[in-house]
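S.K.: sequence and predicted structure are below.
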Amino acid sequence: MKRLLVVDDEPIMGDFLCAAGEREGYTVTRADSIRTGREKVGTKPFDVAFLDIRLPDGDGLGLVVEVRSKHPRCHICVITAYGTVDTAVSAMKLGANDFLLKPFSFEDVERVLARTDRPAKPETGYTQTLVTRDPKMKELLDLVMRIAPTDAGVLISGESGTGKELIARTLHHTSHRSDFPFVAVNCSAIPENLLEAELFGYERGAFTGAERRKLGLVEIAGSGTLFLDEIAELPIALQPKLLRVLEGGEFRRVGGQETLRADIRVIAATNKNLLELSKKNQFREDLYYRLSVIPIEIPPLRCRPDDIGLLTEYFLKEYSRRYARDISHVAPTVLDVFQKYPWPGNVRELENVIQRAVALADGDTVRSVSLPVQSQTAGGTVRPEHLVGAGKPYDELVDEFERGLIAEALRRTAGNQTDAADLLGIKRTTLVMKLKKFVMDSSSG
(Lines give C-alpha, C1' and ligand atoms only; values in the text may rest on other atoms or scores of the structure.)
Protein backbone atom coordinates (compact mmCIF):
# COMPACT_ATOMS: atom_id res chain seq x y z
CA MET A 1 0.00 0.00 0.00
CA LYS A 2 1.39 3.40 -0.99
CA ARG A 3 1.67 5.95 1.84
CA LEU A 4 1.32 9.72 1.58
CA LEU A 5 2.22 12.33 4.21
CA VAL A 6 0.50 15.74 4.06
CA VAL A 7 1.84 18.51 6.30
CA ASP A 8 -0.21 21.69 5.88
CA ASP A 9 -1.89 23.94 8.43
CA GLU A 10 -4.61 25.24 6.10
CA PRO A 11 -7.68 22.99 6.53
CA ILE A 12 -9.00 23.46 2.99
CA MET A 13 -5.60 22.88 1.38
CA GLY A 14 -4.96 19.87 3.60
CA ASP A 15 -8.35 18.37 2.72
CA PHE A 16 -7.64 18.97 -0.97
CA LEU A 17 -4.25 17.22 -0.88
CA CYS A 18 -5.58 14.32 1.18
CA ALA A 19 -8.52 13.82 -1.20
CA ALA A 20 -6.19 13.86 -4.19
CA GLY A 21 -3.96 11.24 -2.57
CA GLU A 22 -6.84 8.99 -1.59
CA ARG A 23 -8.24 9.22 -5.10
CA GLU A 24 -4.91 7.91 -6.41
CA GLY A 25 -4.94 5.00 -3.97
CA TYR A 26 -2.67 6.32 -1.20
CA THR A 27 -3.08 5.74 2.52
CA VAL A 28 -2.86 9.30 3.82
CA THR A 29 -1.31 10.55 7.07
CA ARG A 30 -1.91 14.19 7.95
CA ALA A 31 -0.17 16.78 10.15
CA ASP A 32 -0.67 20.52 10.61
CA SER A 33 2.62 21.67 12.14
CA ILE A 34 6.35 20.91 12.24
CA ARG A 35 5.94 19.21 15.61
CA THR A 36 3.17 16.86 14.53
CA GLY A 37 4.92 16.36 11.21
CA ARG A 38 8.04 15.13 12.97
CA GLU A 39 5.96 12.75 15.03
CA LYS A 40 4.35 11.27 11.91
CA VAL A 41 7.66 11.00 10.05
CA GLY A 42 9.01 8.66 12.69
CA THR A 43 6.03 6.30 12.72
CA LYS A 44 6.14 4.66 9.29
CA PRO A 45 7.80 4.88 5.85
CA PHE A 46 6.28 7.20 3.28
CA ASP A 47 6.36 7.05 -0.51
CA VAL A 48 5.33 10.68 -1.06
CA ALA A 49 5.24 13.77 1.17
CA PHE A 50 3.56 17.13 0.53
CA LEU A 51 5.17 19.65 2.88
CA ASP A 52 4.09 23.26 3.33
CA ILE A 53 7.27 25.18 4.14
CA ARG A 54 5.47 27.93 6.04
CA LEU A 55 3.93 26.42 9.15
CA PRO A 56 2.61 27.94 12.41
CA ASP A 57 5.56 26.78 14.49
CA GLY A 58 8.35 27.71 12.11
CA ASP A 59 10.13 27.13 8.82
CA GLY A 60 9.44 23.74 7.27
CA LEU A 61 12.86 23.35 5.66
CA GLY A 62 14.09 21.30 8.60
CA LEU A 63 11.25 18.89 8.05
CA VAL A 64 12.44 18.36 4.48
CA VAL A 65 15.82 17.29 5.83
CA GLU A 66 14.21 14.92 8.37
CA VAL A 67 11.96 13.25 5.80
CA ARG A 68 14.87 12.83 3.39
CA SER A 69 17.07 11.42 6.14
CA LYS A 70 14.55 8.90 7.48
CA HIS A 71 12.91 8.00 4.16
CA PRO A 72 15.57 8.25 1.40
CA ARG A 73 13.21 6.96 -1.30
CA CYS A 74 10.34 9.31 -0.42
CA HIS A 75 9.29 11.75 -3.16
CA ILE A 76 9.15 15.14 -1.40
CA CYS A 77 7.04 17.94 -2.84
CA VAL A 78 7.15 21.30 -1.07
CA ILE A 79 4.26 23.74 -1.25
CA THR A 80 4.91 27.43 -1.60
CA ALA A 81 3.24 30.73 -2.46
CA TYR A 82 4.56 33.25 -5.00
CA GLY A 83 6.42 35.19 -2.29
CA THR A 84 8.42 32.18 -1.11
CA VAL A 85 9.64 30.62 -4.33
CA ASP A 86 13.26 31.22 -3.30
CA THR A 87 12.60 29.16 -0.17
CA ALA A 88 11.36 26.37 -2.43
CA VAL A 89 14.71 26.49 -4.22
CA SER A 90 16.45 26.05 -0.87
CA ALA A 91 14.17 23.08 -0.18
CA MET A 92 15.19 21.48 -3.48
CA LYS A 93 18.84 21.82 -2.47
CA LEU A 94 18.05 20.11 0.84
CA GLY A 95 16.49 17.10 -0.88
CA ALA A 96 13.01 18.01 -2.14
CA ASN A 97 12.09 16.55 -5.53
CA ASP A 98 9.27 18.90 -6.52
CA PHE A 99 7.45 22.04 -5.60
CA LEU A 100 3.88 23.20 -6.13
CA LEU A 101 3.22 26.91 -6.52
CA LYS A 102 -0.04 28.16 -4.99
CA PRO A 103 -2.65 28.28 -6.33
CA PHE A 104 -2.50 24.85 -7.92
CA SER A 105 -5.07 22.43 -9.30
CA PHE A 106 -5.87 18.75 -8.80
CA GLU A 107 -4.14 18.06 -12.13
CA ASP A 108 -0.92 19.61 -10.72
CA VAL A 109 -1.10 17.30 -7.69
CA GLU A 110 -1.88 14.35 -9.95
CA ARG A 111 1.23 15.13 -12.01
CA VAL A 112 3.40 14.97 -8.89
CA LEU A 113 1.89 11.65 -7.85
CA ALA A 114 2.27 10.30 -11.38
CA ARG A 115 5.98 11.14 -11.32
CA THR A 116 6.44 8.99 -8.22
CA ASP A 117 4.81 6.02 -9.99
CA ARG A 118 6.99 6.30 -13.08
CA PRO A 119 10.14 8.22 -12.15
CA ALA A 120 12.00 7.15 -15.28
CA LYS A 121 9.42 8.49 -17.72
CA PRO A 122 8.50 12.05 -18.62
CA GLU A 123 5.63 13.52 -16.66
CA THR A 124 2.66 15.24 -18.24
CA GLY A 125 -0.81 16.47 -17.60
CA TYR A 126 -2.64 13.68 -19.34
CA THR A 127 -0.33 10.74 -19.91
CA GLN A 128 3.05 9.38 -18.90
CA THR A 129 4.28 8.08 -22.20
CA LEU A 130 4.11 8.90 -25.89
CA VAL A 131 1.56 6.54 -27.39
CA THR A 132 1.39 6.50 -31.17
CA ARG A 133 1.48 4.38 -34.28
CA ASP A 134 1.02 7.32 -36.65
CA PRO A 135 3.92 7.64 -39.17
CA LYS A 136 4.13 11.43 -38.85
CA MET A 137 4.20 11.23 -35.05
CA LYS A 138 6.94 8.60 -35.23
CA GLU A 139 8.99 10.92 -37.42
CA LEU A 140 8.38 13.70 -34.90
CA LEU A 141 9.54 11.53 -32.01
CA ASP A 142 12.64 10.54 -33.93
CA LEU A 143 13.40 14.24 -34.36
CA VAL A 144 12.83 14.82 -30.63
CA MET A 145 15.35 12.10 -29.74
CA ARG A 146 17.93 13.58 -32.12
CA ILE A 147 17.68 17.15 -30.87
CA ALA A 148 17.23 16.40 -27.15
CA PRO A 149 20.99 16.30 -26.41
CA THR A 150 21.46 19.76 -27.93
CA ASP A 151 20.60 23.17 -26.51
CA ALA A 152 18.98 24.38 -29.72
CA GLY A 153 15.85 26.48 -29.32
CA VAL A 154 12.67 24.49 -29.94
CA LEU A 155 9.27 25.94 -30.77
CA ILE A 156 6.46 23.41 -30.43
CA SER A 157 3.24 24.30 -32.22
CA GLY A 158 -0.08 22.55 -32.33
CA GLU A 159 -3.69 22.80 -31.26
CA SER A 160 -4.66 22.76 -27.61
CA GLY A 161 -4.58 19.25 -26.15
CA THR A 162 -2.17 17.73 -28.67
CA GLY A 163 0.61 17.19 -26.13
CA LYS A 164 2.98 20.14 -26.48
CA GLU A 165 4.10 20.02 -22.85
CA LEU A 166 4.61 16.27 -23.09
CA ILE A 167 7.03 16.80 -25.99
CA ALA A 168 8.82 19.53 -24.02
CA ARG A 169 9.20 17.26 -20.99
CA THR A 170 10.46 14.45 -23.20
CA LEU A 171 13.10 16.80 -24.61
CA HIS A 172 14.15 17.71 -21.07
CA HIS A 173 14.22 14.18 -19.64
CA THR A 174 16.30 12.81 -22.51
CA SER A 175 18.82 15.66 -22.39
CA HIS A 176 21.96 16.29 -20.33
CA ARG A 177 19.85 18.66 -18.21
CA SER A 178 17.54 15.93 -16.94
CA ASP A 179 19.01 16.03 -13.41
CA PHE A 180 18.01 19.69 -13.11
CA PRO A 181 14.53 21.22 -12.82
CA PHE A 182 11.93 21.37 -15.55
CA VAL A 183 10.01 24.59 -14.89
CA ALA A 184 6.82 25.20 -16.86
CA VAL A 185 4.96 28.50 -17.00
CA ASN A 186 1.82 29.35 -18.94
CA CYS A 187 2.30 32.89 -20.23
CA SER A 188 -1.45 33.48 -20.41
CA ALA A 189 -2.17 32.27 -16.88
CA ILE A 190 -0.25 34.98 -15.00
CA PRO A 191 -1.43 38.62 -15.11
CA GLU A 192 0.77 40.81 -17.29
CA ASN A 193 1.80 43.04 -14.38
CA LEU A 194 3.07 39.99 -12.44
CA LEU A 195 4.67 37.99 -15.24
CA GLU A 196 8.01 39.85 -15.29
CA ALA A 197 8.47 39.32 -11.56
CA GLU A 198 7.55 35.65 -11.92
CA LEU A 199 10.03 35.09 -14.71
CA PHE A 200 12.95 37.20 -13.50
CA GLY A 201 12.27 37.73 -9.79
CA TYR A 202 12.57 41.02 -7.92
CA GLU A 203 14.63 42.79 -5.30
CA ARG A 204 13.38 43.94 -1.94
CA GLY A 205 11.69 47.32 -2.27
CA ALA A 206 11.26 47.00 -6.05
CA PHE A 207 7.58 47.89 -5.61
CA THR A 208 4.96 48.16 -2.91
CA GLY A 209 4.71 44.84 -1.12
CA ALA A 210 8.16 43.61 -2.19
CA GLU A 211 9.36 43.02 1.36
CA ARG A 212 12.06 40.54 0.46
CA ARG A 213 14.05 39.35 -2.54
CA LYS A 214 12.24 36.81 -4.71
CA LEU A 215 13.84 34.47 -7.21
CA GLY A 216 12.20 34.14 -10.60
CA LEU A 217 11.49 31.01 -12.60
CA VAL A 218 14.56 31.62 -14.77
CA GLU A 219 16.74 31.25 -11.67
CA ILE A 220 14.72 28.37 -10.27
CA ALA A 221 15.27 26.42 -13.49
CA GLY A 222 18.98 26.59 -12.69
CA SER A 223 20.77 24.51 -15.31
CA GLY A 224 17.53 22.87 -16.35
CA THR A 225 14.76 23.69 -18.81
CA LEU A 226 12.30 26.59 -18.84
CA PHE A 227 9.13 25.74 -20.76
CA LEU A 228 7.12 28.76 -21.88
CA ASP A 229 3.65 27.63 -22.89
CA GLU A 230 1.39 29.94 -24.91
CA ILE A 231 4.41 32.08 -25.76
CA ALA A 232 2.26 34.20 -28.10
CA GLU A 233 0.73 35.75 -24.98
CA LEU A 234 4.10 37.02 -23.71
CA PRO A 235 3.71 40.84 -23.50
CA ILE A 236 5.68 42.80 -26.09
CA ALA A 237 7.42 44.71 -23.30
CA LEU A 238 8.90 41.48 -21.90
CA GLN A 239 10.01 40.02 -25.21
CA PRO A 240 13.35 41.92 -25.38
CA LYS A 241 14.19 40.67 -21.87
CA LEU A 242 13.54 37.07 -22.88
CA LEU A 243 15.58 37.64 -26.04
CA ARG A 244 18.46 38.80 -23.86
CA VAL A 245 18.30 35.53 -21.92
CA LEU A 246 18.31 33.53 -25.15
CA GLU A 247 21.15 35.46 -26.78
CA GLY A 248 23.50 36.02 -23.86
CA GLY A 249 22.10 34.16 -20.89
CA GLU A 250 21.68 37.45 -19.01
CA PHE A 251 18.83 38.98 -17.03
CA ARG A 252 18.08 41.30 -14.12
CA ARG A 253 15.58 41.00 -11.33
CA VAL A 254 12.89 43.67 -11.20
CA GLY A 255 14.36 46.60 -9.28
CA GLY A 256 17.87 45.18 -9.49
CA GLN A 257 21.05 46.58 -10.99
CA GLU A 258 23.10 43.39 -11.02
CA THR A 259 23.30 41.45 -14.26
CA LEU A 260 22.77 37.76 -13.54
CA ARG A 261 23.57 34.69 -15.61
CA ALA A 262 21.16 31.97 -16.66
CA ASP A 263 22.34 28.60 -17.97
CA ILE A 264 18.99 27.25 -19.10
CA ARG A 265 17.40 25.73 -22.16
CA VAL A 266 14.24 27.51 -23.27
CA ILE A 267 11.50 25.54 -25.01
CA ALA A 268 8.40 27.41 -26.14
CA ALA A 269 4.98 26.30 -27.30
CA THR A 270 2.09 27.96 -29.08
CA ASN A 271 -1.20 27.24 -30.79
CA LYS A 272 -0.89 30.42 -32.86
CA ASN A 273 1.17 31.39 -35.91
CA LEU A 274 3.98 33.48 -34.45
CA LEU A 275 5.34 34.45 -37.84
CA GLU A 276 1.98 35.92 -38.82
CA LEU A 277 1.83 37.73 -35.48
CA SER A 278 5.30 39.16 -36.11
CA LYS A 279 4.14 40.57 -39.45
CA LYS A 280 1.40 42.38 -37.52
CA ASN A 281 3.95 43.68 -34.99
CA GLN A 282 2.33 41.60 -32.27
CA PHE A 283 5.41 39.41 -31.73
CA ARG A 284 9.08 40.23 -32.23
CA GLU A 285 10.48 38.65 -35.36
CA ASP A 286 13.97 38.30 -33.91
CA LEU A 287 12.54 36.48 -30.87
CA TYR A 288 10.54 34.19 -33.13
CA TYR A 289 13.66 33.11 -35.04
CA ARG A 290 15.64 32.67 -31.83
CA LEU A 291 12.91 30.44 -30.36
CA SER A 292 12.28 28.40 -33.48
CA VAL A 293 15.73 27.16 -34.40
CA ILE A 294 14.05 23.76 -34.56
CA PRO A 295 10.28 23.97 -35.10
CA ILE A 296 8.11 20.99 -34.16
CA GLU A 297 4.47 20.85 -35.23
CA ILE A 298 2.23 18.25 -33.59
CA PRO A 299 -0.61 17.07 -35.85
CA PRO A 300 -4.13 17.18 -34.37
CA LEU A 301 -5.75 13.91 -33.33
CA ARG A 302 -8.26 14.01 -36.21
CA CYS A 303 -5.29 13.72 -38.60
CA ARG A 304 -3.99 10.66 -36.72
CA PRO A 305 -6.87 8.16 -37.08
CA ASP A 306 -4.65 5.18 -36.25
CA ASP A 307 -3.91 6.72 -32.85
CA ILE A 308 -7.54 7.09 -31.77
CA GLY A 309 -8.06 3.40 -31.05
CA LEU A 310 -4.57 3.02 -29.60
CA LEU A 311 -5.01 5.95 -27.21
CA THR A 312 -8.49 4.75 -26.29
CA GLU A 313 -7.04 1.41 -25.24
CA TYR A 314 -4.22 3.11 -23.35
CA PHE A 315 -6.50 5.45 -21.39
CA LEU A 316 -8.95 2.63 -20.73
CA LYS A 317 -6.22 0.60 -19.03
CA GLU A 318 -4.86 3.63 -17.21
CA TYR A 319 -8.14 4.77 -15.69
CA SER A 320 -9.33 1.25 -15.00
CA ARG A 321 -6.18 0.87 -12.92
CA ARG A 322 -6.58 4.23 -11.19
CA TYR A 323 -10.23 3.70 -10.34
CA ALA A 324 -9.84 0.00 -9.54
CA ARG A 325 -12.43 -0.91 -12.20
CA ASP A 326 -12.40 -4.10 -14.25
CA ILE A 327 -13.23 -2.53 -17.62
CA SER A 328 -11.46 -4.07 -20.57
CA HIS A 329 -13.55 -3.34 -23.66
CA VAL A 330 -15.01 -0.49 -25.67
CA ALA A 331 -18.09 -1.29 -27.72
CA PRO A 332 -17.50 -1.27 -31.50
CA THR A 333 -20.23 1.36 -31.95
CA VAL A 334 -18.32 3.65 -29.59
CA LEU A 335 -15.07 3.18 -31.50
CA ASP A 336 -16.95 3.97 -34.70
CA VAL A 337 -18.20 7.23 -33.18
CA PHE A 338 -14.67 8.04 -32.02
CA GLN A 339 -13.32 7.63 -35.55
CA LYS A 340 -15.94 10.01 -36.96
CA TYR A 341 -15.70 12.65 -34.25
CA PRO A 342 -13.33 15.61 -35.03
CA TRP A 343 -11.87 15.81 -31.49
CA PRO A 344 -11.49 19.60 -31.23
CA GLY A 345 -9.88 19.10 -27.81
CA ASN A 346 -7.49 16.49 -29.21
CA VAL A 347 -5.82 13.90 -26.96
CA ARG A 348 -6.79 15.75 -23.79
CA GLU A 349 -10.46 15.57 -24.77
CA LEU A 350 -10.20 11.86 -25.58
CA GLU A 351 -8.62 11.23 -22.19
CA ASN A 352 -11.41 13.13 -20.42
CA VAL A 353 -14.04 11.14 -22.31
CA ILE A 354 -12.45 7.81 -21.36
CA GLN A 355 -11.94 8.92 -17.77
CA ARG A 356 -15.62 9.75 -17.43
CA ALA A 357 -16.68 6.59 -19.26
CA VAL A 358 -14.66 4.36 -16.93
CA ALA A 359 -16.12 6.10 -13.91
CA LEU A 360 -19.70 5.61 -15.14
CA ALA A 361 -19.54 2.30 -17.00
CA ASP A 362 -21.58 -0.72 -15.91
CA GLY A 363 -19.97 -4.09 -16.43
CA ASP A 364 -16.69 -4.57 -18.25
CA THR A 365 -17.51 -2.60 -21.41
CA VAL A 366 -17.73 1.12 -22.21
CA ARG A 367 -20.90 1.79 -24.17
CA SER A 368 -22.22 4.97 -25.75
CA VAL A 369 -24.65 5.58 -22.86
CA SER A 370 -21.63 6.12 -20.60
CA LEU A 371 -20.18 8.89 -22.73
CA PRO A 372 -20.78 12.65 -22.62
CA VAL A 373 -23.07 13.86 -25.39
CA GLN A 374 -20.41 15.75 -27.28
CA SER A 375 -18.64 12.42 -27.92
CA GLN A 376 -21.74 10.54 -29.06
CA THR A 377 -21.48 12.56 -32.23
CA ALA A 378 -20.35 12.49 -35.78
CA GLY A 379 -19.70 16.06 -36.79
CA GLY A 380 -21.01 17.54 -33.57
CA THR A 381 -24.66 16.76 -32.83
CA VAL A 382 -26.04 13.72 -31.04
CA ARG A 383 -27.43 11.21 -33.52
CA PRO A 384 -30.62 9.23 -32.83
CA GLU A 385 -28.88 5.92 -33.53
CA HIS A 386 -26.61 6.57 -30.56
CA LEU A 387 -29.61 6.96 -28.26
CA VAL A 388 -32.20 4.45 -29.43
CA GLY A 389 -31.83 1.24 -27.51
CA ALA A 390 -29.99 2.94 -24.66
CA GLY A 391 -32.68 1.85 -22.22
CA LYS A 392 -33.73 5.36 -21.23
CA PRO A 393 -37.25 6.91 -21.09
CA TYR A 394 -38.32 8.71 -24.25
CA ASP A 395 -38.38 12.15 -22.59
CA GLU A 396 -34.84 11.64 -21.33
CA LEU A 397 -33.66 10.68 -24.81
CA VAL A 398 -35.24 13.83 -26.29
CA ASP A 399 -33.55 15.96 -23.62
CA GLU A 400 -30.20 14.34 -24.36
CA PHE A 401 -30.60 14.97 -28.08
CA GLU A 402 -31.58 18.61 -27.45
CA ARG A 403 -28.67 19.09 -25.08
CA GLY A 404 -26.32 17.81 -27.77
CA LEU A 405 -27.67 20.31 -30.28
CA ILE A 406 -27.12 23.16 -27.82
CA ALA A 407 -23.62 21.96 -26.94
CA GLU A 408 -22.68 21.83 -30.63
CA ALA A 409 -24.08 25.32 -31.29
CA LEU A 410 -22.10 26.71 -28.36
CA ARG A 411 -18.96 24.95 -29.57
CA ARG A 412 -19.30 26.42 -33.05
CA THR A 413 -19.87 29.93 -31.69
CA ALA A 414 -17.15 29.75 -29.01
CA GLY A 415 -19.73 30.06 -26.25
CA ASN A 416 -21.51 33.15 -27.61
CA GLN A 417 -25.13 32.71 -26.51
CA THR A 418 -26.61 35.19 -29.01
CA ASP A 419 -24.85 33.59 -31.97
CA ALA A 420 -25.68 30.08 -30.74
CA ALA A 421 -29.36 30.99 -30.45
CA ASP A 422 -29.32 32.39 -33.99
CA LEU A 423 -27.67 29.21 -35.24
CA LEU A 424 -30.40 27.13 -33.61
CA GLY A 425 -33.18 29.43 -34.78
CA ILE A 426 -34.44 30.24 -31.30
CA LYS A 427 -34.52 33.32 -29.09
CA ARG A 428 -31.61 33.97 -26.76
CA THR A 429 -34.00 33.91 -23.78
CA THR A 430 -35.13 30.44 -24.84
CA LEU A 431 -31.51 29.29 -25.01
CA VAL A 432 -30.80 30.70 -21.55
CA MET A 433 -33.84 28.87 -20.18
CA LYS A 434 -32.64 25.59 -21.69
CA LEU A 435 -29.12 26.12 -20.35
CA LYS A 436 -30.62 26.37 -16.87
CA LYS A 437 -32.79 23.32 -17.49
CA PHE A 438 -29.85 21.19 -18.54
CA VAL A 439 -27.45 22.76 -15.97
CA MET A 440 -25.14 23.95 -18.73
CA ASP A 441 -23.07 27.07 -19.15
CA SER A 442 -21.72 28.79 -22.23
CA SER A 443 -18.46 26.84 -22.02
CA SER A 444 -20.31 23.55 -22.40
CA GLY A 445 -19.72 23.67 -26.11
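M.R.: It's in.

S.K.: which SSE is immediately downstream of the lowest-mean-pLDDT helix or strand in the chain?
M.R.: Within the chain, no helix or strand scores below helix 85-94, which has a mean of 67 by mean pLDDT, DSSP states H and E. For helix 85-94, the following helix or strand on the C-terminal side (DSSP states H and E) is strand 98-101.

S.K.: that following strand packs against which elements?
M.R.: strand 75-80, helix 85-94, helix 106-117 (3 or more C-beta pairs under 8 Å, 6 or more residues apart in numbering; DSSP states H and E). The way it works is simple: take the backbone N, C-alpha and C, and place the C-beta from them, glycine included.

S.K.: for that strand, what is the distance to the chain centroid?
M.R.: 13 Å (C-alpha atoms, centre = their mean, to the nearest Å).

S.K.: that one pairs with which strands?
M.R.: Taking DSSP bridges as the criterion, strand 98-101 forms sheet pairs with strand 75-80 (parallel).

S.K.: three-state assignment of Ala268?
M.R.: With DSSP: H, G, I helix; E, B strand; the rest coil as the basis, Ala268 sits in strand.

S.K.: grab the nearest non-local neighbour of it.
M.R.: Closest residue in space to Ala268, ignoring its immediate chain neighbours: Ile231 at 4.1 Å, by C-beta to C-beta, 6 or more residues apart in numbering.

S.K.: against Arg284, how distant is the one you found?
M.R.: The spacing between Ile231 and Arg284, counted by C-beta to C-beta, to the nearest Å, is 11 Å.

S.K.: do Ile76 as well
M.R.: Distance of Ile76 to Arg284, computed by C-beta to C-beta: 40 Å.

S.K.: those two: who's more crowded?
M.R.: Neighbours were counted for Ile76 and for Arg284 using other C-beta atoms under 10 Å; Ile76 has more, 24 against 19.

S.K.: wait, the more buried one touches Ala49, no?
M.R.: Yes: with contact defined as C-beta atoms under 8 Å, Ile76 counts as touching Ala49 (5.0 Å).

S.K.: overlap in contacts, these two.
M.R.: Common contacts of Ile76 and Ala49, defined by C-beta atoms under 8 Å, 6 or more residues apart in numbering, comprise Val67.

S.K.: so which bits of stretch 141-154 are buried?
M.R.: 141, 144, 147-148, 153-154 (16 or more other C-beta atoms under 10 Å).

S.K.: go on, stretch 50-70?
M.R.: For stretch 50-70, burial by neighbour count (16+ other C-beta under 10 Å) applies to 50-55, 60-61, 63-64, 66-68.

S.K.: can you check stretch 276-288 too?
M.R.: Buried residues in stretch 276-288, counted by 16+ other C-beta under 10 Å: 277-278, 283-284, 287-288.

S.K.: and the strands in the stretch 301-445 of the chain?
M.R.: Along the stretch 301-445 of the chain, the stretches classed as strands by DSSP state E, counting those that start in this stretch are 329-330, 365-366.

S.K.: kindly report the same for the stretch 51-200 of the chain.
M.R.: Using DSSP E, counting those that start in this stretch, strands in the stretch 51-200 of the chain cover 54-55, 58-59, 75-80, 98-101, 154-157, 182-186.

S.K.: export the ones you listed as TSV, with columns for mean pLDDT and distance to Val432.
M.R.: Listed next are the strands of the stretch 51-200 of the chain as TSV, based on pLDDT from 0 to 100; distance: least, C-beta to C-beta, whole Å:
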stretch	mean pLDDT	distance to Val432
strand 54-55	86	45
strand 58-59	80	52
strand 75-80	86	41
strand 98-101	78	38
strand 154-157	96	37
strand 182-186	89	32
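
S.K.: export these to JSON lines and tack on distance to Leu410?
M.R.: Shown next, in JSON lines, are the strands of the stretch 51-200 of the chain (distance: least, C-beta to C-beta, whole Å):
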{"stretch": "strand 54-55", "distance to Leu410": "42"}
{"stretch": "strand 58-59", "distance to Leu410": "49"}
{"stretch": "strand 75-80", "distance to Leu410": "37"}
{"stretch": "strand 98-101", "distance to Leu410": "32"}
{"stretch": "strand 154-157", "distance to Leu410": "27"}
{"stretch": "strand 182-186", "distance to Leu410": "24"}
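
S.K.: so for Ala359, which of those sits nearest?
M.R.: strand 98-101 (25.1 Å; C-beta to C-beta).

S.K.: which strand residues bridge Phe227?
M.R.: Beta-bridge partners recorded for Phe227 (DSSP bridges): Ala184, Ile267.

S.K.: just checking, it touches Ala269?
M.R.: Yes: counting by C-beta under 8 Å, Ala269 is a contact partner of Phe227 at 7.1 Å.
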